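> got a predicted model here, sequence first, then my questions.
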Protein chains: 2
Amino acid sequence: MKRPESADPVLPYLDRLRQGKVKVTPNRRRVLGRFLESDKPWTLQSLHRSLGEECDLSSVYRALSALRAAGLLEEFRLPGEKETFFSLIKHHEQARIPGVRGAGPKARAHAHHHHHIVCQDCGQVSHLDICVPAGLMGKVEDASGFRITEHHLEFKGVCGDCR
Amino acid sequence: MKRPESADPVLPYLDRLRQGKVKVTPNRRRVLGRFLESDKPWTLQSLHRSLGEECDLSSVYRALSALRAAGLLEEFRLPGEKETFFSLIKHHEQARIPGVRGAGPKARAHAHHHHHIVCQDCGQVSHLDICVPAGLMGKVEDASGFRITEHHLEFKGVCGDCR
DNA sequence: AGGTAAATGCAAGCTGGTTGCATTTGGAGC
DNA sequence: GCTCCAAATGCAACCAGCTTGCATTTACCT
């Protein structure tokens, strides 16, 4: 009988690191651990604070870079926020590893296109699977004469807990 | 007979400064002059570069703050850009001056809600009078449980000149 | 014209991020 | 298990983009 609940949820992420020839080190485990413990966006500073003196700021920085390069994290900026945020890409949503198992040239593409809403009171960030309608994109192209290649849509509001 | 074309376009802006009890100084004239010469978004750094040694960086900074506080400029950040942008609010689009001529409590509200599209090649920024459809907002509120108070929509693309 | 609150230049400070370098270490190959 | 070396780490220095304190100068009210 299978007992999926017995498998440590960190394992698939570690596997992916090893497959990408990225060393599994204590710092990377610690950082990854925080993302798994609380499924929320972290910043360089908030992670460093959370890890206390366990891990130097520059090491957190390089751990974030490595995990992002390996396709485990996505990076984004929020309007009005100075810091850069990172959030864990769910294992099943991760892009193929480049150069492994015949992955195509488009590997490492965005894991899953989405947008964010931030609570103006508690700072909580939620992901949104909702996107800009194609019709609006067309209108923007017509009105501006630009050809759109990218868009960013972020909301601010008050979350259910804070209301 | 009236000859509107003979009026210096800077005058209404200077009037507004004086009405807001903000001193009209050489630095503020210089900064305002740049916004009037080229109707594009400027950053603290680009303005300082453009003004050469005429004006200290901190003075450009404080001139921008003063002009923004007086409601002559809007401030915004673009995704992927580290610097903060400022653009001139057309005189006829400016909000009422608080405390002057019986302006209501909502004075100094946003001049005119809009969004931006940036050229990924030349950095040119255009304003868009297009906005997020109300229906989409409703969907986001339903899906997230948040009450939306603010939104930011920015596009990146290739402008007509760069294509 | 004179007085004063506000603007300016200069230098120093701050946040958030990034890098060079000497040392340590994960993990592939024995 | 043990060796070895490319890669990871900690430390300190550095960088961009503002932001502020302070002594001096100045716009503009009277």
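That came in fine, so what should we check first? Numbering: from 1, shown residues only, chains lettered A, B, ... in the order given.

> so A:R68 touches A:F85, yeah?
No. If you go by Cβ atoms under 8 Å, A:R68 and A:F85 don't touch, sitting 11.4 Å apart. (Each C-beta comes from the backbone N, C-alpha and C, glycine too.)

> who's more crowded, those two?
The residue with more neighbours, out of A:R68 and A:F85, is A:F85; 20 against 14, by other Cβ atoms under 10 Å in any protein chain shown.

> okay, now the sheet partners of whatever helix or strand that one lives in, with direction.
According to DSSP states H and E, A:F85 maps onto strand A:84-88. Sheet partners assigned to strand A:84-88 using DSSP bridges are listed as strand A:42-43 (antiparallel), strand A:73-77 (antiparallel).

> could you list the buried residues of the last one?
Which is strand A:73-77. The neighbour-count check on strand A:73-77 (16 or more other Cβ atoms under 10 Å in any protein chain shown) flags A:L73, A:E74, A:F76, A:R77 as buried.

> quick one: residues contacting the last one.
Right, the one you point to is A:R77. A:R77 makes contacts with A:T84, A:F85, B:P79, B:G80, as judged by Cβ atoms under 8 Å, 6 or more residues apart in numbering or on different chains.

> where does whichever residue of chain A sits closest to DNA strand C fall, secondary structure wise?
Residue nearest to DNA strand C within chain A (Cβ to the nearest atom of the strand): A:S58, separated by 3.2 Å. Using DSSP H and E, A:S58 falls within helix A:57-69.

> how about the residues of chain A near DNA strand D?
Contact residues, chain A versus DNA strand D (Cβ under 7 Å from any atom of the strand): A:22-23, A:25-28, A:54-59, A:62-63, A:66.

> among those residues, name the buried ones.
Restricting the residues of chain A next to DNA strand D to buried positions leaves A:V22, A:N27, A:R28, A:C55, A:S59, A:A63, A:A66, with burial counted as 16+ other Cβ under 10 Å.

> determine which two of the residues you listed are furthest apart.
A:V22 and A:C55 (16.8 Å; Cβ to Cβ).

> can you tell me if stretch A:113-128 touches DNA strand C.
No. Contact of stretch A:113-128 with DNA strand C (Cβ under 7 Å from any atom of the strand) is absent, the minimum separation being 12.4 Å.

> contacts for that stretch, please.
Outside of stretch A:113-128, the residues within contact range by Cβ under 8 Å, 6+ apart are A:40-41, A:76, A:78, A:81, A:85, A:87, A:129-131, A:152-159, A:161-162, B:140, B:143-144, B:146, B:148-150.
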